[in-house]
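Engineer: Below is the structure, and that's it, no one-letter string:
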């Protein structure tokens with residue numbers, strides 16, 4: 001009985017946050033590149049993951065399905081970080097809504113996959129995402145060419161700096177998890 005009330009409240013909160021972020025706050029998020037890339041996209045991913053955890057979705061234990069889902073997740077994140085996609089998401093409200101639902105789907109799929117995948121695949125995926133964020137951050141920080149016409153070069157450089165910090169932090173977390181996950185008994189002497 002208590003679990004059912006918790007699920008209803010959690011779904012209501014997730015839906016309310018989605019509506020606030022996606023509609024009244026959307027213009028605020030779209031004003032700067034850093035808000036759009038570093039706040040709005042992760043919020044949607046977290047909302048999707050929270051939805052999967054709230055609904056107690058079945059863990060994906062089949063490696064082939066897990067890898068396929070992780071490829072979809074990586075492709076979706078890469079797509080929404082492309083300059084043309086960023087411009088379209090900021091300019092066209094319908095394209096922006098597609099981005100919101102896609103990022104929620106990414107989070108919704110990511111939670112059960114990361115729980116069920118073998119250690120090595122999780123580490124490779126997190127490491128790959130950190131490298132992608134670092135590469136994007138360095139490109140945005142170093143290029144003096146306007147990559148997204150919806151934002152300024154200063155916003156591009158600022159977003160690049162923060163993406164470098166996020167990518168580096170994620171890389172450090174990956175390394176820490178990797179070495180904590182190593183079993184000393186498995187290492188040949």
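Structural biologist: That came through fine. Treat the numbers as computed from the prediction; the structure is a model and nothing was measured. Residues are numbered from 1 along each chain as shown.
Engineer: What's the mean pLDDT across the longest helix seen in the chain?
Structural biologist: Using DSSP state H, we find that the single longest helix of the chain is helix 153-181. Regarding helix 153-181, the rounded mean pLDDT is 91.
Engineer: Ok, stretch 127-135 next?
Structural biologist: Rounded mean pLDDT across stretch 127-135 is 94.
Engineer: Residues contacting that stretch, please?
Structural biologist: If you take C-beta atoms under 8 Å, 6 or more residues apart in numbering as the criterion, stretch 127-135 is touched by 74, 77-78, 81, 163-164, 166-168, 170-171, 173-174. Just so you know, the C-beta spots here come from the backbone N, C-alpha and C atoms, and that holds for glycine as well.
Engineer: Check the offset of that stretch from the chain's centre.
Structural biologist: 12 Å (C-alpha atoms, centre = their mean, to the nearest Å).
Engineer: Over whatever helix or strand residue 30 lives in, what's the mean pLDDT, rounded is fine.
Structural biologist: Per DSSP states H and E: residue 30 is located in helix 26-31. Averaged across helix 26-31, pLDDT comes to 91.
Engineer: repeat for stretch 54-69
Structural biologist: Taken as a whole, stretch 54-69 has an average pLDDT of 91.
Engineer: that older thread, looking at the contacts of stretch 127-135, state which has the most neighbours.
Structural biologist: The residue in the contacts of stretch 127-135 with the most neighbours, by other C-beta atoms under 10 Å, is residue 163 (24 neighbours).
Engineer: distance of the nearest residue in space to that residue that is not next to it in sequence from residue 37?
Structural biologist: Take residue 163 and drop its neighbours on the chain: the residue closest to it by C-beta to C-beta, 6 or more residues apart in numbering is residue 137, 3.2 Å away. The gap separating residue 137 from residue 37 is 10 Å, by C-beta to C-beta, to the nearest Å.
Engineer: same deal with residue 73?
Structural biologist: For residue 73, the distance to residue 37 - C-beta to C-beta - is 17 Å.
Engineer: Over to residue 70?
Structural biologist: Separation of residue 70 from residue 37 (C-beta to C-beta) stands at 21 Å.
Engineer: If you count surrounding residues, which of these two has more?
Structural biologist: Ranked by neighbour count (other C-beta under 10 Å), residue 70 and residue 37 place residue 37 first, with 26 against 22.
Engineer: correct me, but the more buried one touches residue 163?
Structural biologist: Yes - using C-beta atoms under 8 Å, residue 37 is in contact with residue 163, at 7.2 Å.
Engineer: report the angle between the axes of whichever helix or strand residue 53 is part of and helix 153-181?
Structural biologist: In the assignment (DSSP H and E), residue 53 maps to helix 41-54. Angle, helix 41-54 to helix 153-181, by axes from the mean of the first three to the mean of the last three C-alpha atoms, to 10 degrees: 40 degrees.
Engineer: gap between helix 41-54 and the chain center?
Structural biologist: Chain-centre distance of helix 41-54: 9 Å, with C-alpha atoms, centre = their mean.
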